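**Q** Got a predicted model here, sequence first, then my questions.
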Amino acid sequence: MSKTIADAENIYARAAKFELEKDWNNAFKLYLQAADAFLHLSRTADPKYRNNAATALKRAEKIKQHRHLAPISTDHFSHRKSSLFYPAFHSQEEFSHQRQSHPPRDLSHPRRPTDAVPAASLASLALLPSDIIQNIVNDCSVCASIAVCIQHHLRFKSNLLSTLSSSGDGRYELKVLINGDFRRVIIDDRLPFDHNNKLLGISTGGKNQLWPSFVEKAYMKLMGGYDFLGSNSAIDLHVLTGWIPEHIDLRSASFERERTWSRIMAGFPRGDCMMTVGTNDKTALNIHSVKLLPSHDYAVTGIKETDDERWVTLLDSRICSPEFLDMRWDDICASFEGLYISWNPSLFGSCVTFHGSWQPENSEDLPRASTHHLRLNYQKSADPTHQKSSSDTNPTGIDTSPTSNTGANTTSNEHSNSNSTETETEIWILLTRHLRDTHRTSEYIAINVQEDDMVLGDPEHVALKSNYTNSTHVLSRIKTSQFQTQTSGSLSLLACYDGQFEEVGFTVTAFAASSDVVLSWDTRVPPARLDGQIEGALTNRTAGGNCTHPTYMVNPQYHLRVHSASTSTSIDKRPSTSTGIDKRPSTSVDIQNNKTQVTLTAQSTRDISLNVTAVWSQGERISELSQKEVVAHSGPYTYGHARVAADLAPGDYTVVLSAFEPDQTGKFTLKVESPSQFEIKAIPQEGAGMYVKTVRGEWDSMTAAGGPSQNRYHRNPVYEVTIPSASEFGARLQLLARAPGVSTNLSLFPSSSANLQRCIASSGPYSDALSGVDIPKRSICPGKYYLVPSTYHAGVHAQFRVIVYSTVSGIEVVLRSS
């Protein structure tokens, strides 16, 4: 329930009382509650209360800086967090986002249609998709959207655009889905005409039907006017009909041509989806004597398969006499930029929605303010009321019933077999950014989804996903595999925002494709947590890329020490981990196994893809990942954010933050949260604080002598190292190009051992480690030494580099002459 002025003042007074009593925890918590209440009042009652909020925050910040405080829990499912800012459709209030919908400049004033065209009518004469004509106004996606709705109604009697109604007094209202709920947009009965009494927006030619024009006007008013920046039909149809928008980038490397065709062939003939296609701003092609326009949407009115070809029927509403164009599916994929699909939400057996907001403006904790973490639970239902008819279509392309039919002419390799119903299902996650100003162009969103309790995979299986988009909608589809071993599971969702505007609302909607899967949000209040934050940067010297690069070892690494939940002391033993779903109440501490949940969150700019990995290594710097040592990792690289939560036993870990490519550089923030005490600090780079000398060489036909067992070891390249005074010494050997299967070694000999018989330091057994091999740091006396790089097998021709570290200057490393 919203706080009144008296409530806010009372909370502030209680906070001040606790502060006088030196009860810092309660004072801090209540000052934050007072600031939140005053901020809410400043938006709904009087802006002057922003000053009160600032005062409360100032007191809270002062306490935080000078006192040791216990962590505070936050309930993201409270009414205050989930409230919406605009009245719903059933409310008596007019939609507060109302604004004037001005026609384009330099055109005549709007007028009533009957004044310009006496034959104009709102009567429901039968319209065809080809009756929709786009004129001067640049709203091709709206025209295409209305055309596909008309086509859908002709085939399935769906009445998808029947939400336009008249009040009888010259006003009309349109029911739209916007900002998380159905709402009303109210317009008058005037439309823009030119000086020849021709409509400037959508028209229906000689049929003179006006309802498409009023739908267009209402939508344009919602979007800020007839001069709005444009969208795509999937977004338009989500607003106008509530159908689920999916944008498929036909130019993406991850686009699956055959699977996509199978999906639309399963859904389109049954009316389960509507589609349009769009060109980019550079397209100017002639297909069968018809020119494709740049940045233009085309309605899809039909698809079919013949014996030897697949066809898509398009409609262009912009030309005076709209024409249909039949194109091959392969030509569609080659000529267009995007496929926009709208899916019927009634196909899904379960649906849940969450409303929240990002508040990044002036936030001191930008990672927390611009991200929102949710946990989605799913489980098989034994309730027959959740079972749908076997004739229902599943839009995922997976056969969810042994007797169901997912559409004609679908290839077997595009679908799971009937046993897939027992082992996997597909869940769709739709993130929608709420509209405040449609002319903003610098707001970006992303949704990262992964199985919350998946078994740790191979960290070398590197993947990249979740680009940011400036669209208001982004859809993620994920196949769950938990049903292979159990009847329930959970997904971890991270809704991300990149922008600088104040309090940006969003809605997350989850859909389960299988009719017997039930979804629910995990509404448990997270326990209070301690947190620590480190600011850092990926630079030319510290950006090593993913673990398939030999430079992975130079990435920023941190020593994380997790204390016992009961004794708060470190235990120096190899810890075990758990990422399984916890069926007990959320405590984040496994008392029986002495484990505690640790959450690692990294944030950077939206153009840097991140990963966070935790390794058991006594808190020491690692040179490369070993599968058996990885205790937690954030999965595929994701742009802007990476997050992982795992149950860790007390002990010492190494945390590695990396970008996907070595050339991705920029600032980042790494945050650690846990209910137990912990410490985290940066691990110095190899050779940090030491003088560095790098030499390059190669094994050629004369020097590729192999290891000692080849009896020609002394013919390898030999470097004479001169140490001017007592020093700490270390060295690393790396191949300049990756050569799988090539094992190397680096050894140090005193100069008195002319035949290289007495080794005093070595990198150990021959190894094909991607990061190379190294002689660990050790003390060394002044003098001359021989440093010998070698391969295990003779005859290996390759280039290499040797990096020598020393705590004294003046060290010399030169190749000894033969």
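**A** Done, it's in. Numbers count the residues shown, from 1 in each chain.
**Q** got a pLDDT number for F182?
**A** Model confidence at F182, given as pLDDT, is 91.
**Q** which element is it on?
**A** strand 181-188 (DSSP states H and E).
**Q** what's that strand packed up against?
**A** strand 171-178, helix 211-222 (3 or more Cβ pairs under 8 Å, 6 or more residues apart in numbering; DSSP states H and E). C-beta here means a position set from N, CA and C on the backbone, and glycine is covered the same way.
**Q** hey, C-alpha coordinates of it in CSV?
**A** Provided in CSV are the C-alpha atoms of strand 181-188 (Å, rounded to 0.1, in the frame of the first residue of the first chain):
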residue,chain,number,x,y,z
ASP,A,181,-1.4,-4.2,-18.7
PHE,A,182,-4.3,-3.6,-21.1
ARG,A,183,-5.1,0.2,-21.2
ARG,A,184,-7.1,2.6,-23.2
VAL,A,185,-6.1,5.2,-25.7
ILE,A,186,-8.8,7.9,-26.4
ILE,A,187,-8.9,9.8,-29.7
ASP,A,188,-11.3,12.2,-31.4
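**Q** if I pick R190, what's in contact with it?
**A** The contact partners of R190, by Cβ atoms under 8 Å, 6 or more residues apart in numbering, come to 110-112.
**Q** Export the residues you listed to JSON lines and append columns for distance to H559.
**A** JSON lines is the format used below for those (distance: Cβ to Cβ, whole Å):
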{"residue": "P110", "distance to H559": "68"}
{"residue": "R111", "distance to H559": "74"}
{"residue": "R112", "distance to H559": "74"}
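**Q** Buried ones among those residues?
**A** By neighbour count, with 16 or more other Cβ atoms under 10 Å, these hold P110 as buried.
**Q** wait, which of the contacts of R190 is closest to F501?
**A** P110 (31.5 Å; Cβ to Cβ).
**Q** who touches the closest one in this structure?
**A** Counting by Cβ under 8 Å, 6+ apart, P110 has contacts 103, 190-193.
**Q** can you rerun that using 6 Å?
**A** Contacts were defined as Cβ atoms under 6 Å, 6 or more residues apart in numbering; by that measure P110 touches 190-192.
**Q** And for C781, the neighbour number?
**A** Other residues lying near C781 total 11 when counted by other Cβ atoms under 10 Å.
**Q** what's the spacing between the residue nearest to it when sequence neighbours are not counted and T654?
**A** Spatial nearest neighbour of C781, chain neighbours left out: A726 (6.0 Å); criterion: Cβ to Cβ, 6 or more residues apart in numbering. The gap separating A726 from T654 is 31 Å, by Cβ to Cβ, to the nearest Å.
**Q** quick one: which of these two has more around it?
**A** Counted by other Cβ under 10 Å, A726 and T654 do not tie: T654 has more neighbours, with 21 against 13.
**Q** So what touches the helix or strand containing the more buried one?
**A** Assigned by DSSP H and E, T654 belongs to strand 651-659. Residues from elsewhere that reach strand 651-659 (Cβ under 6 Å, 6+ apart): 538, 543, 546, 555-558, 560-561, 571, 575, 602, 608-609, 611-619, 622, 670.
**Q** Quick one, which of those residues are buried?
**A** 538, 543, 546, 555-558, 560-561, 575, 602, 608-609, 611-617, 619, 622, 670.
**Q** hmm, back to that, kindly reformat the contacts of P110 as TSV containing distance to V808.
**A** As requested, the contacts of P110 are exported to TSV (distance: Cβ to Cβ, whole Å):
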residue	distance to V808
R190	86
L191	85
P192	81
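**Q** just the residues you listed now: which is nearest L435?
**A** Distances from L435 to those, taken by Cβ to Cβ, are shortest for P192, at 22.7 Å.
**Q** Touching, the closest one and L200? I think so.
**A** Yes. Under the criterion of Cβ atoms under 6 Å, P192 makes contact with L200 at 4.3 Å.
**Q** Spatially, which residue comes closest to R541, not counting chain neighbours?
**A** V554 is the one closest to R541 (Cβ to Cβ, 6+ apart), at 6.7 Å.
**Q** Okay, the one you found and Q450: tell me how far apart.
**A** Note on V554: its distance to Q450, by Cβ to Cβ, is 27 Å.
**Q** Pick out whichever of these two has more residues nearby.
**A** A side-by-side neighbour count of V554 and Q450, using other Cβ under 10 Å, places V554 first with 23 against 19.
**Q** so what pLDDT did that one get?
**A** So V554 comes in at 95 (pLDDT).
**Q** How much space separates it from Q664?
**A** V554 sits 13 Å away from Q664, going by Cβ to Cβ.
**Q** What of Q486?
**A** Distance of Q486 to Q664, given as Cβ to Cβ: 38 Å.
**Q** Which residue of these two possesses the greater neighbour count?
**A** Legend: neighbour count by other Cβ under 10 Å for Q486 and Q664, higher for Q664 (19 against 12).
**Q** what's the longest helix in the protein?
**A** Using DSSP state H, we find that the single longest helix of the chain is helix 24-44.
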